[in-house]
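K.L.:
Predicted structure and sequence below. I'll ask about it afterward.
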Amino acid sequence: MTTAAELRKVSISDYVRMVTVVQPCREVVQAEQNTIAMTPDAQQSLWNALNATPKLTKAQRDLGDTMRGEE
């Protein structure tokens, strides 16, 4: 935070106020628009989780067999 405040040429307390005011405003706009904003890292993590092939448990495999009539 110190470096960020120095780069903006403000005190640390002013920097914290600047940053903490912006985020709630973004969240209100997102809520009104029914959108979610994520950082690039969060987007990548979500994509990786959604793209990964799930590992089924034995109970899930057994259920699939039963539903296909392969008991």
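P.N.:
That came in fine, so what should we check first?

K.L.:
Let me see the ranges of the strands in the chain.
P.N.:
Assigned by DSSP state E, the strands in the chain number zero.

K.L.:
Pick out the residue nearest the middle of it.
P.N.:
The centre of the chain sits closest to Ala42, judged by CA atoms, centre = their mean, with a distance of 4.5 Å.

K.L.:
quick one: that residue from Cys25, how far?
P.N.:
Ala42 sits 19 Å away from Cys25, taking CB to CB, to the nearest Å as the criterion. (C-beta placed from N, C-alpha, C; glycine too.)

K.L.:
helices or strands up against the longest helix along the chain?
P.N.:
Longest helix in the chain by number of residues, with DSSP state H as the criterion: helix 12-33. Packing contacts for helix 12-33, counted by 3 or more CB pairs under 8 Å, 6 or more residues apart in numbering; DSSP states H and E, involve helix 2-8.

K.L.:
per-domain residue ranges of this structure.
P.N.:
Following automatic domain parsing, the chain resolves into domains at 1-37, 39-71.

K.L.:
Ala37 reaches Gln30, doesn't it?
P.N.:
Yes - using CB atoms under 8 Å, Ala37 is in contact with Gln30, at 5.6 Å.

K.L.:
overlap in contacts of those two?
P.N.:
Residues touching both Ala37 and Gln30 (CB atoms under 8 Å, 6 or more residues apart in numbering): there are none.

K.L.:
Burial check on Tyr15, number of neighbours?
P.N.:
Other residues near Tyr15 come to 19 when the count uses other CB atoms under 10 Å.

K.L.:
And it, how far from Thr39?
P.N.:
Taking CB to CB, one finds Tyr15 at 19 Å from Thr39.

K.L.:
on that earlier part again, which of the domains of the chain has the lowest mean pLDDT?
P.N.:
Mean pLDDT per stretch puts domain 1-37 lowest among the domains of the chain, at a mean of 88.

K.L.:
For that domain, measure first residue to last.
P.N.:
From its first residue to its last, domain 1-37 covers 23 Å (CA to CA, to the nearest Å).

K.L.:
swap in stretch 62-71?
P.N.:
8 Å.

K.L.:
What lies in contact with that stretch?
P.N.:
For stretch 62-71, using CB under 8 Å, 6+ apart, the contacting residues are Leu56.
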